[in-house]
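J.: Here is my input; please provide its structure:
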Amino acid sequence: MTTVDETTRRPLETLAGTWTVDAAHSLVAFSVVHMTIARVTGRFDVLDGEVEVTPSGASVRVRVATGSASSGHPKRDELIRSADFLDTAQFPEMEFTASCDGFSAGDWTLPGSLTIRGVTRPIELAVRTGGVVDHRGATRAGFSARTSLDRREFGLKFDGLLAGGGAVVSNLVDIVIEAELVRA
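T.: Now for the predicted structure:
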């Protein structure tokens, strides 16, 4: 199935070129289970990236400023930025890179590499293509993605335990990405 821009009836696959992440209309969010009872969420407020699309495939590079982590709670934000977690002083950025043969309408998988705290691991994003529109002289494309990862694999080894057993912070981190790209 071919994704089509309903405004101009162009197949998505013909939109070769460089695209940039519109940070004002994009989101990288995370959530963990806190004290085994409830989910706590946060987001990164500073990100940028590029997607290069050719007739034969695409390459992706997205960078996120780790110091921009925001959970709505200042003391928790300090902990997230500390050496116990992201160590933003030493590792001010995390990065996702990927290459793929192409993309499609609906749901698909994007394998890539994620680097956090200088540790690079393969991950897969479950992606949903949102579509393409032309608006006010700019061509925009939208994508949603999700993944889960074990934070310990990236050196985030905070091991706080509750007095009665159980982790203060789960090892599993869920990531949600809402990306709006603008064709350069």
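
J.: Who are the contact partners of Pro122?
T.: With contact taken as Cβ atoms under 8 Å, 6 or more residues apart in numbering, Pro122 is in contact with 111-114. Where C-beta positions appear, they are placed from N, C-alpha and C, glycine not excepted.

J.: Against Asn171, how distant is the residue nearest to Gly49 when sequence neighbours are not counted?
T.: Using Cβ to Cβ, 6 or more residues apart in numbering and skipping residues adjacent in sequence, the residue nearest Gly49 is Val62, 3.3 Å away. Separation of Val62 from Asn171 (Cβ to Cβ, to the nearest Å) stands at 24 Å.

J.: Compare neighbour counts for those two and give me the winner.
T.: Neighbour tally, Val62 and Asn171, criterion other Cβ atoms under 10 Å: the higher count belongs to Val62, 21 against 16.

J.: Where do the helices of the chain begin and end?
T.: Taking DSSP state H, the helices of the chain run over residues 74-81.

J.: hey, where'd the strands end up in it?
T.: Taking DSSP state E as the test, the strands found in the chain are 4-5, 10-11, 17-21, 27-34, 38-44, 47-54, 57-65, 69-70, 93-100, 107-116, 119-135, 138-150, 172-183.

J.: Give me the buried stretch members for the third one, please.
T.: Across strand 17-21, burial judged by 16 or more other Cβ atoms under 10 Å covers 19, 21.

J.: What would that strand look like as CSV? C-alpha coordinates only.
T.: Output of strand 17-21 as CSV, limited to C-alpha atoms (Å, rounded to 0.1, in the frame of the first residue of the first chain):
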residue,chain,number,x,y,z
GLY,A,17,15.1,14.8,0.1
THR,A,18,16.2,16.1,3.5
TRP,A,19,13.6,16.4,6.2
THR,A,20,14.2,18.0,9.6
VAL,A,21,12.5,17.3,12.9
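
J.: quick one: contacts for the residue nearest to Val119 when sequence neighbours are not counted?
T.: Sequence neighbours aside, Phe154 is the residue nearest to Val119 in space, at 4.8 Å (criterion: Cβ to Cβ, 6+ apart). The contact partners of Phe154, by Cβ under 8 Å, 6+ apart, come to 114, 116-117, 119, 121.

J.: hmm, which of those residues are the buried ones?
T.: Buried among the contacts of Phe154 by 16+ other Cβ under 10 Å: 114, 116-117.
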